[in-house]
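Here is my input, please return the structure:
(2 chains)
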Amino acid sequence: MTHTQSLFFQKFAITPNDLQRYLGEALSAGGEYADLYFEYLTSTSIAVEESIVKSASQGISAGCGVRVLSGERTGYAYTDDLAPEKIMRAARTAALIARGPATQPVQNLKEAAGHQLYQVSSPSADADIASKLELVMRSDKAGRAFDPRIVQVRASYVDELRQILVIGSDGTYATDVQPMARFSVSCIAKSGENSARGASGGGGRVGLDFYQNEKTPEYYATEAARQAIIQLDAREAPAGEMEVVLGPGWPGILLHEAIGHGLEADFNRKGTSAFAGLIGKRVASEKCTVVDNGTLPSRRGSINVDDEGSPTQNTVLIEKGILKGYLSDKLSSKLMGMPDTGNGRRESYEHIPMPRMTNTYMLAGEDTPEDIIKSVKRGLYAVNFGGGQVDITNGKFVFSTSEAYMIEDGKVTAPLKNCTLIGNGPDALTKVSMVGNDLKLDEGVGTCGKDGQSVPVGVGIPTIKLDSMTVGGTAR
Amino acid sequence: MATKTEVVPTETDLRNLATDVVDRAMKAGATAAESVVREGNEFSTVVRMGSVETLKESGSRAMGLRVFMGQRSASTYSSDFTEDGIQRLVKGAVELAHVTSEDSFSGLPDPSELGSLSNDLQLYFDDVYSLPPEERIDYARRAERAALDVDPRLKNSDGGSFDAGTGHKVLANSLGFVGEYRRSSCSLSAVPIAQVEGGSMQRDYWFSVARTLAKLDSPEAVGREAARRTLRRIGARKISSTEAPIVLDPMVSVSILGNIFEGATGDAVYRQSSFMAGKLGEKIAGSNITVIDDGTIVGGFGSEPFDGEGVPTRRTVVIENGELKSYLLNTYTARKLGMKTTGNASRGLAGSPGIGAGNFFLQPGTRTPQQIIGDVKRGFYVTEFMGFGVNLVTGDFSRGASGLWIENGELTYPVEEVTVAGNLKDMLNNISEIGNDLVFRGSSACPTLRIDGMTIAGA
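Next up is the predicted model:
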């Protein structure tokens, strides 16, 4: 066990002996499986507005969550004090989900080889605050310089470093040091009585050099300002069913809402998902292959190991239109007799892990984006979105445009006001008739909420055409 | 199952800790400082198909510090209450404040504005933890059972749940303010799923939340209402695009009230990111519309004796008979706009204070929801909104919706997979009916509303 490298052994003086003892306590009432999740999270946040630094904050949160499984039951307790007696008490509380004498021994802990997905020489959490500040100020300047109609620029930079240690009574032992950075810019444009907003941002499991070399503050600021200026001239969006073309990248949120949540194993185990029982069936046109891949280097949704200590994977969800598999964690894979796909994630030590997406995207097809747009007589071309939501039981999902245009006679024409698109998960992708050769992943801004827990995720998609979808505008 | 609660709430002396952190910050060179210390306990259980699915029980605590070095400010937070942890919290904040900008509007509230309501707001009842675990689980089980027993088509479930929580918060600042209060809450919910041959599944939910067990609805009442809301969705269909009046169930109208709240916050106004900016004193809604924020209601879910900066909460009329009377402000946004704080500062652990609502509501009318529906010849009764399609800068509104179609004053078949769109500026002027059914199920509440002139997009 390479415990000397982990902060929990150094800073909190936890010993390998302690770990065995905690797990033993957690199983003392007859639980079948127990795990402990230690977390130490530091974060920094800087916000610039009206060209001055309006707020700066730093924080630390640390704690340990103890989970005990007994059949379909989960007992959970946590502590933000890592003193041995406090962890023991949490273990005892969680243990009581089961009743009876201990039946399972704690296996010897062995560290599994994980991925090395974060090529960060020094995490940005360690960089000095002045360098971060300079980046944020640069974006403020670039936003204002873009156009005199830009009246407000807000920019922020947030980074964190999450150190985790996961141990399980099945011998699981995993550590990870997970960096994360995110840059955000939003601009308000004004012209006469008209106002509009544009927003942009990005990042991932990257260091500060990412913003110095790859995606600069000017890049994000210009993009936010461009969107705000375009929206000044937006006209009413149409209402009703029509052809919809999604641009590449962040519009992949379609996949996240339409199918991703519905394929999380817990919902299917309980039979509460509209996708329950559809494995092997056609749920999309044959042009669609969709994966959830937690192993892409540096991406926001990537992790070396999930929050149960299992290595992440590249899981095929839909292959040429046929539903292939679910996203699983330890509990669901055990109860369903299916493989654990390494998708057990949680927001923090205060939360119970459950199946969650990582980076969900559709593989590239053969059409060119130009041909796709040319093929549309009258429809919507949506290139940027805000958030989305799904009811996994009846399959209905929505996502709302933040930048969209009309397509008329094969040409992209007027920009449109924000509108919501609505569809039905199990058949939305059956209407995909063209798939572009331009797969793009999003910039790294996604946060997914489920049962009150937020985790960072990624999405991606090439340009695609849906033959029909309901567009929620006001023009008839 | 256990018969006794194992996690005993740890009682730190939060008051001394909060003032000590402020003193240390001042000694470290801050010109002003403010600290918040919080402690809380939570219990939650979910019972699904009659069996316990999860049981969670824990306590946590954390503190936050905001310091000023003249007109510069910064903040830090930590869950580490050791001597080392507190030293780092203070040192970190003071160092960080050196790199931020001078902002002439920054600072603590004016000393004359600080204070705390003296009456008992009845926010804390220790009975939320009085039930032994077995009985708590039984509450959740009964709520689910009551729902599933209503109709054989309710074959599956996302469970019944019972949650309880308590919180203790202390706020202290270098102007001598120290305030503290405790809050409690408990809640029950049921989420049944209906399934019919050849049709899609439908799910809905119902809940009850209260500060004391004594005021919680019975599990049976919660379960039956959850069943009613789920059963009425069976067989839902998409309708053709049309224009028709919409009638909003209070669970849905409250989200539009949320949009009004956001638009009225000082942050959105001074940033020019609200369609309500610059409209003070102007008519922005129909003369039947009055919207009030009141943080002082005894037992209210949004009540507190002082806000996130130590300013007493109060009653503020935001819209009166359609006229925009006041924004909702904290100290910073009030100074930016040349106004006075309305005691609406919200304080998380980190960052600058934001704006939070007290009990925020739209004044009820006199007609029952049945009367309002009864007057509609052809319209859409909306019971659920989906997604985030509201742009506060422009007021553009476009959200997914489901509910029931109204024909000749009667609710007929269920509707789903449609959107409802318009613009908030118009919507506020097109509210033609307001129900008498104002019930607080959280810190904001809105009665049934009828809004005319919106576009429904479907097939």
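
Ignoring the adjacent residues along the chain, who's closest to the residue in chain A that chain B sits nearest to?
With Cβ to the nearest Cβ as the measure, the residue in chain A that lies nearest chain B is residue A:472; the distance is 2.7 Å. All C-beta spots, glycine's among them, are computed from the backbone N, C-alpha and C. Of all residues not flanking residue A:472 in the chain, residue B:419 sits nearest, at 2.7 Å (Cβ to Cβ, 6 or more residues apart in numbering or on different chains).

what's the answer for residue B:336, then?
If the residues on either side of it in the chain are set aside, residue B:336 comes closest to residue B:270, at 4.5 Å by Cβ to Cβ, 6+ apart.

Tell me who's in contact with the residue nearest to residue A:472.
Each residue near residue B:419 by Cβ atoms under 8 Å, 6 or more residues apart in numbering or on different chains is listed here: A:239, A:398, A:419-420, A:422, A:470-472, B:389, B:398-401, B:456-458.

again, only using 10 Å
Taking Cβ atoms under 10 Å, 6 or more residues apart in numbering or on different chains as the criterion, residue B:419 is in contact with A:239-240, A:398, A:400, A:419-422, A:470-474, B:241, B:385-387, B:389, B:397-401, B:454-458.

sorry, back to before: isn't the residue nearest to residue B:336 right next to residue B:332, touching?
Yes - counting by Cβ atoms under 10 Å, a contact exists between residue B:270 and residue B:332, whose distance comes to 9.0 Å.

Quick check: residues of the stretch 351-476 of chain A near chain B?
Taking Cβ under 10 Å from any Cβ of the partner chain as the criterion, the neighbours of chain B within the stretch 351-476 of chain A are A:351-352, A:385-402, A:417-424, A:426, A:451, A:468, A:470-476.

try 7 Å
A:352, A:386-389, A:391, A:393-396, A:398-400, A:417-420, A:422, A:424, A:470-474, A:476 (Cβ under 7 Å from any Cβ of the partner chain).

try the stretch 1-150 of chain A
Residues of the stretch 1-150 of chain A lying close to chain B by Cβ under 7 Å from any Cβ are A:45, A:52-63, A:72-78, A:80, A:89-90, A:92-93, A:96-97, A:99, A:129-130, A:133.

Among those, name the buried ones.
By neighbour count, with 16 or more other Cβ atoms under 10 Å in any protein chain shown, the residues of the stretch 1-150 of chain A next to chain B hold A:45, A:53-63, A:72-78, A:80, A:89-90, A:92-93, A:96-97, A:129, A:133 as buried.

one step back: number of residues surrounding the residue nearest to residue B:336?
Counted with other Cβ atoms under 10 Å in any protein chain shown, the neighbours of residue B:270 add up to 22.

Now do it, the pLDDT please.
Residue B:270 carries a pLDDT value of 96.

List phi and psi for it.
The phi and psi values for residue B:270, taken as degrees, to the nearest 10, are phi -70, psi -20.

Distance from the chain centre to the helix or strand encompassing residue A:226, please.
In the assignment (DSSP states H and E), residue A:226 maps to helix A:217-232. In terms of Cα atoms, centre = their mean, to the nearest Å, the centre of helix A:217-232 is found 24 Å from the chain centre.

got the residue ranges for the strands in the stretch 201-350 of chain B?
Listed in chain order, the strands of the stretch 201-350 of chain B (DSSP state E, counting those that start in this stretch) span residues B:202-203, B:206-210, B:242-248, B:291-294, B:315-320, B:323-324, B:345-346.
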